[in-house]
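>>> Show me how the following folds:
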Amino acid sequence: MRVVSLVPSLTEAVAESRPGLLVGVTDWCTHPAGLGAARIGGTKNPDVPAILALRPDLVVANEEENREPDLAALRDAGTEVLVTTVRTLDDAFAELDRLLTGACGLPRPRWLDEAEAAWAALERPSVPRRAVVPVWRKPWMVLGRDTFAGDLLARLGVRNVYADHAERYPRIPLDELNAAGADLVVLPDEPYRFTAADGPEAFPALPAALVDGRYLTWYGPSLVRAPAALRTALG
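Reported below is the predicted structural model:
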């Protein structure tokens, strides 16, 4: 089978489950190291003719990360496209199983069982903390409603202040973020690369938790280690 992945998380999931299945991946696909597949552009601007030239049996996409016109062009050319929808951890587990055992016909990978067990064993703190979770600056954008990262944080006892916002990634002025009543600010290193020197200074009254964006936003083999890694960072 020949698979092209337009989603870094799913690239890692396929590559870890059956090396050699992938023939094309995006420029943003960084895990696992040493991917030998062809690079076919970004998640938002894939090179459709280059993808078609690889003669894939399946193109793997995500409704949030990829653009419908690109997916429509692939379908119109006769290529099968599997589009995942991931808004919660349960969604992630279901979609990973659908992709790997269903579409790719693989045995269920051990890492997927280990990831489910790791999250099932997680004990939620009795008193949740309230957080603002920026994902970009200039302008400031934060997690809003129905996000995978927000669901992971909730399971770790951190409630997103903007979880009930009408938008999934609202733009909020910095002064409003600082006045939102949060107990801490959570700063991932992707999509914007927040660091100790770039981000915490904007929230002088709040403790800042710098977290690995791969553990917070990727759904794949990283989910095995994510509960422990995120709990340590949030602590």
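
>>> so where do the strands sit in the protein?
Taking DSSP state E to define them, one finds strands in the chain at 3-5, 22-25, 38-39, 58-62, 81-84, 129-132, 134-136, 141-142, 158-160, 184-188, 208-211.

>>> So which of these is nearest residue 170?
For the strands of the chain, the distance to residue 170 is smallest for strand 141-142, at 6.3 Å, taking C-beta to C-beta. Backbone N, C-alpha and C define where each C-beta goes, glycine included.

>>> if we can go back for a sec, among the strands of the chain, which is the most enclosed?
Compared across the strands of the chain, strand 3-5 shows the largest average neighbour count, a mean of 29 (mean count of other C-beta atoms under 10 Å).

>>> How are the helices of the chain distributed by residue range?
Per DSSP state H, the chain carries helices over the ranges 8-17, 48-53, 68-76, 89-97, 110-120, 148-155, 174-178, 213-217, 226-234.

>>> For the second one, buried residues please.
This means helix 48-53. By neighbour count with 16 or more other C-beta atoms under 10 Å, helix 48-53 contains the buried residues 48, 51, 52.

>>> that older thread, now tabulate the helices of the chain in TSV and tack on distance to residue 127 and mean pLDDT.
Putting the helices of the chain into TSV (distance: least, C-beta to C-beta, whole Å; pLDDT from 0 to 100) gives the following:
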stretch	distance to residue 127	mean pLDDT
helix 8-17	31	97
helix 48-53	49	98
helix 68-76	42	97
helix 89-97	21	98
helix 110-120	20	98
helix 148-155	13	97
helix 174-178	22	98
helix 213-217	21	96
helix 226-234	13	96
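
>>> deepest of those, which one?
helix 8-17 (a mean of 25).
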